[in-house]
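>>> I'd like to go over a predicted model; first the sequence, then the structure.
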Amino acid sequence: MKFEDEKLPPHVLIFPYPIQGHLSPMLNLAHLFCLAEFHVTFIVSDFSHRRLLQHTAVASTFARYPGFQFRTISDGLPDDHPRAGEKVLDVLPSVTNIMVPLFKKMIVREDFFASAGRRRVTCLVADGLLSFAFDFAEENRFPLVSFRTVTLSNFWAFFHLNELIEAQEIPFKGDMDVLVKSVPGMEGFLRRRDLPSFCRAGDVNDPVLQTLSAVSRKTIRAQAAIFNTFEDLEGSIASQLRQHMPRIYTIGPIHEQLKSKLMDKEAEASILSGNFWAEDRSCIDWLNAQPSKSVIYVSFGSITVVTREQLMEFWHGLVNSSQRFLWVVRPDSVAGKDEVYQITEELMRETKEKGYMVKWAPQEEVLSHPAVGGFLTHSGWNSTLESIVAGVPMICWPYFGDQTINSRFVSEVWKIGLDIKDSCDRLIIEKAVRELMEDRKQELLERAQDMAKLAKKAVSKGGSSSCNLDDLIEYINSLII
């Protein structure tokens, strides 16, 4: 090491999987590292970077930190590729075959992003889906920290996919309510239907199943792993995982941790949402005119795509429930490109009495609004955590991947909502909305608000996630000594 380099801070290279749900928490992690005065190089696809610049304050937020820099490369997909619905499965092979080779050429060409006043990369924080990172870090002799954007519970289930296959618990057909016994700690409540849909494939060599199994097992080769969760929520699973991998950092909810740190520093920077869509803030004005806890917020995230028939079932269920609702319908969220605008315009006209529809909403602000008393969600982990922090109970309609396990934990383990997976029927939706907003309103609100207190305690000074973040920062600092 050159003498002048000894005084330079650590240089963290962050490489997220290039879709919105993965970028958002990793941008917030980058912000936390900037507050710790680390240098940060953030790899982002050209497509994602353009959307972030267009719809967020990412440029002004990170302009405050001279040690932060973006490096952009192609994700290998054309700009008009939807990167949503079933097409989201195109992202992984494109990243593997095009984006990763481009990244490898870039990092060698730029001497591991060293420059005047910036040391070479100290460690790589890579999205847990990027399997190349394990060999790459070992070959180049720098530590790897794996960032998992799913819950500890999901990761633990994925970690045991081989055991599930060996026990012939997957793939499966028939009774979907049979309990799964090969995931330690979940034997009493995890059912077949709670496992991701790829576990229902007729072939154990299904590529998605094999990829998730392999990358989950590889995680223990990393020097450390970060999870966007907190000990009061998933401490028992964390204890089991630490038997395989001692250096586990539970530092969530990361968006709330960042908010807490910025308040401590009295910083002016706002929290980045990582949105790929323009927020329609007119919904806040509409919420301001609604009674307390009277509105159910409906959003299925950034990649869920529904059919016209499913959209209409949700609409009828919401209207027939007689509850007020705020509903996000993304421009690309309905299958059938030509009819989506016609459908939403038609529904907006019919919805005026009880509901309000927008193309995208400032979700954290919506969930924390006094008028919101429930959340009908796809159970993506970012949305679930935001709802937990806001103390808002949920109706879970999971779309794919980790969302099916999330919804089971919400309803049966944490008991802060209802699970309606594997159904899209107006009568079931109406019944669930009434149950959440009327019949069990007080019970579920109280439980959700108790959980919110635990989440905020975790990120406050002396809380488990705050202390774990301090430990993570100390660990990364130790890598340059």
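Yep, it's here.

>>> where along the stretch 151-300 of the chain do the strands fall?
According to DSSP state E, counting those that start in this stretch, the stretch 151-300 of the chain carries its strands in the segments 224-227, 248-250, 295-299.

>>> so what strands line up beside the first one?
Within its sheet, and counting by DSSP bridges, strand 224-227 is paired with strand 144-148 (parallel), strand 248-250 (parallel).

>>> Stretch 149-159 - what's its average pLDDT?
Stretch 149-159 shows a mean pLDDT of 97.

>>> now swap in stretch 185-205 and tell me
pLDDT averaged over stretch 185-205 gives 88.

>>> With stretch 287-305 instead?
Rounded mean pLDDT across stretch 287-305 is 94.

>>> Between the two ends of it, how far is it?
26 Å (CA to CA, to the nearest Å).

>>> Buried residues of it, list them for me.
Under the neighbour-count criterion of 16 or more other CB atoms under 10 Å, stretch 287-305 has 287, 290, 293-305 buried. All C-beta spots, glycine's among them, are computed from the backbone N, C-alpha and C.

>>> before we move on, what about stretch 27-37?
For stretch 27-37, by 16+ other CB under 10 Å, it's 27-36.

>>> Which members of these occur in helices, if any?
Among these, DSSP state H puts 27-35 in helices.

>>> between the residues you listed, which is closest to residue 325?
Proximity of these to residue 325 was ranked by CB to CB; the top entry is residue 28 with 28.6 Å.

>>> Per-residue confidence, the residue sitting nearest the centre point of the chain, what does it come out as?
The centroid of the chain falls nearest to residue 382 when counting by CA atoms, centre = their mean (3.6 Å). Residue 382 is assigned a predicted lDDT (pLDDT) of 96.

>>> could you pull out the strands for the stretch 351-481 of the chain?
355-358, 372-377, 394-396, 417-419.

>>> and the third one, what does it pack onto?
Read it as strand 394-396. When contacts are defined as 3 or more CB pairs under 8 Å, 6 or more residues apart in numbering; DSSP states H and E, strand 394-396 packs onto strand 372-377, helix 403-408, strand 417-419.

>>> Just the strands from the stretch 1-150 of the chain, written as ranges.
Under DSSP E, counting those that start in this stretch, the stretch 1-150 of the chain gives strands at 11-15, 39-45, 68-73, 123-127, 144-148.

>>> contact partners of the last one?
Residues outside strand 144-148 that contact it (CB atoms under 8 Å, 6 or more residues apart in numbering): 14, 16, 25-26, 29, 123-128, 133-134, 137-138, 155, 219, 221-228, 476.

>>> follow-up on the earlier one: reformat the buried residues of stretch 27-37 as JSON lines; add distance to residue 416 and pLDDT.
What follows is the buried residues of stretch 27-37, written out as JSON lines (distance: CB to CB, whole Å; pLDDT from 0 to 100):
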{"residue": "27", "distance to residue 416": "26", "pLDDT": "97"}
{"residue": "28", "distance to residue 416": "23", "pLDDT": "97"}
{"residue": "29", "distance to residue 416": "25", "pLDDT": "98"}
{"residue": "30", "distance to residue 416": "29", "pLDDT": "98"}
{"residue": "31", "distance to residue 416": "28", "pLDDT": "97"}
{"residue": "32", "distance to residue 416": "26", "pLDDT": "98"}
{"residue": "33", "distance to residue 416": "31", "pLDDT": "98"}
{"residue": "34", "distance to residue 416": "33", "pLDDT": "98"}
{"residue": "35", "distance to residue 416": "30", "pLDDT": "97"}
{"residue": "36", "distance to residue 416": "32", "pLDDT": "97"}
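
>>> Pick out whichever of the residues you listed sits closest to residue 443.
Of the buried residues of stretch 27-37, the one sitting nearest to residue 443 (CB to CB) turns out to be residue 28, at 32.0 Å.

>>> Going by neighbour count, which residues of the longest helix along the chain are buried?
Counting by DSSP H, the longest helix found in the chain is helix 441-459. Using 16+ other CB under 10 Å as the test for burial, helix 441-459 gives 441, 444-445, 447-448, 451-452, 455-456, 458-459.

>>> Could you tell me which ranges of this structure sit under the pLDDT cut-off?
1-5, 85, 266-276, 337-346, 348, 350, 481 (pLDDT under 70).

>>> coming back round to it: is it possible to export the buried residues of stretch 27-37 to TSV including distance to residue 169?
Supplementary listing: those in TSV, determined by distance: CB to CB, whole Å:
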residue	distance to residue 169
27	37
28	36
29	34
30	39
31	41
32	39
33	40
34	44
35	44
36	43
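
>>> Can you redo the helices and strands packed on strand 394-396 as a markdown table, where the extra columns are distance to residue 97 and mean neighbour count?
Formatted as a markdown table, the helices and strands packed on strand 394-396 follow (distance: least, CB to CB, whole Å; neighbours: other CB atoms under 10 Å):
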| stretch | distance to residue 97 | mean neighbour count |
| --- | --- | --- |
| strand 372-377 | 33 | 27 |
| helix 403-408 | 27 | 26 |
| strand 417-419 | 37 | 25 |
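
>>> So for residue 251, which of those sits nearest?
helix 403-408 (18.6 Å).

>>> Would you mind measuring from the closest residue to residue 200 other than its chain neighbours to residue 161?
The shortest distance from residue 200 to any non-neighbouring residue, by CB to CB, 6 or more residues apart in numbering, is to residue 171 (6.1 Å). Distance, residue 171 to residue 161, by CB to CB, to the nearest Å: 11 Å.

>>> okay, and the common contacts of these two?
Contacts common to residue 171 and residue 161, judged by CB under 8 Å, 6+ apart, are residue 209.

>>> about what we covered before: nearest to residue 277, out of the strands of the stretch 1-150 of the chain?
Nearest of the strands of the stretch 1-150 of the chain (CB to CB): strand 39-45, 16.5 Å.

>>> tell me what that closest one is packed against?
By 3+ CB pairs under 8 Å, 6+ apart, strand 39-45 packs against strand 11-15, helix 20-35, strand 68-73.

>>> Export the strands of the stretch 1-150 of the chain as TSV, with columns for distance to residue 431.
Output for the strands of the stretch 1-150 of the chain, formatted as TSV (distance: least, CB to CB, whole Å):
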stretch	distance to residue 431
strand 11-15	44
strand 39-45	42
strand 68-73	47
strand 123-127	38
strand 144-148	35
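
>>> Dump these into JSON lines; add distance to residue 80 and mean neighbour count as well.
Below are these laid out as JSON lines (distance: least, CB to CB, whole Å; neighbours: other CB under 10 Å):
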{"stretch": "strand 11-15", "distance to residue 80": "25", "mean neighbour count": "24"}
{"stretch": "strand 39-45", "distance to residue 80": "15", "mean neighbour count": "24"}
{"stretch": "strand 68-73", "distance to residue 80": "19", "mean neighbour count": "17"}
{"stretch": "strand 123-127", "distance to residue 80": "24", "mean neighbour count": "25"}
{"stretch": "strand 144-148", "distance to residue 80": "29", "mean neighbour count": "25"}
